[in-house]
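J.: The following block contains a protein sequence and its predicted model.
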Amino acid sequence: MNRLLLGLFFLIGVQTIARAQGDVYLCIDDNGKKEYKNTGATKGCKKVELQGITVVPSPVMPASGKKPQGKPASSPSDFPKVDEGTQKARDSDRKQILQDELKTEEQKLANLKKEYNNGEPERHGDEKNFAKYQERTNMMKEDIARTEKNIEALKREIGNSK
């Protein structure tokens, strides 16, 4: 019975593909308006060569509209497992690493803000051209924004690990 249904769906799919790949004509009326049609009987129509169209039918859902019930996904029997103590130690190490990274990023942000000096950093000797100074100032502003985003991401990750 399943093969019969599968064959029926295959034939319907092939028929749909054949219908979808019919001839297409570009017709231009007297006002210059373009229109695409499936017949070229009208004056001013030219056949358009199109590449093949691939149509993939969607999977068939059960008649009840519910997703099929089955076993939940499980790991294979030979899949390596970690005991609870080892996993807790790994989680603790991970959290400590994230906290260390957070401290580093916060220190970096403090240094960047100090150097940025509210948008007026000290000029360097090689920045006689104002455009160079402005470029460095913009780069500092971008570094501050990036570091702030890093801090937000680290805080969010630390919050998720609790």
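T.: Yep, that arrived.

J.: Counting by contacts, list what the helix ranked longest in the chain packs against.
T.: In the chain, taking DSSP state H as the definition, the longest helix is helix 84-116. Counting contacts by 3 or more CB pairs under 8 Å, 6 or more residues apart in numbering; DSSP states H and E, helix 84-116 packs against helix 130-160. Every C-beta, even on glycine, is put in place using the N, C-alpha and C of the backbone.

J.: as a whole number, average confidence for the helix it packs on?
T.: Average pLDDT, helix 130-160: 92.

J.: centre of the chain versus that helix, how much separation?
T.: In terms of CA atoms, centre = their mean, to the nearest Å, the centre of helix 130-160 is set 23 Å apart from its chain centre.

J.: swap in stretch 51-61?
T.: Worked out by CA atoms, centre = their mean, stretch 51-61 lies 23 Å from the chain centre.

J.: Could you report the distance from the nearest residue to Lys81 once chain neighbours are set aside to Asp91?
T.: Spatial nearest neighbour of Lys81, excluding adjacent residues (CB to CB, 6 or more residues apart in numbering): Ser75 at 7.9 Å. Using CB to CB, to the nearest Å, Ser75 is found at 19 Å from Asp91.

J.: the more surrounded of these two?
T.: Taking other CB atoms under 10 Å, Ser75 and Asp91 do not tie; Asp91 has more neighbours (12 against 8).

J.: In this structure that one contacts Ile158, no?
T.: No - taking contact to mean CB atoms under 8 Å, the distance of 11.5 Å between Asp91 and Ile158 leaves them out of contact.
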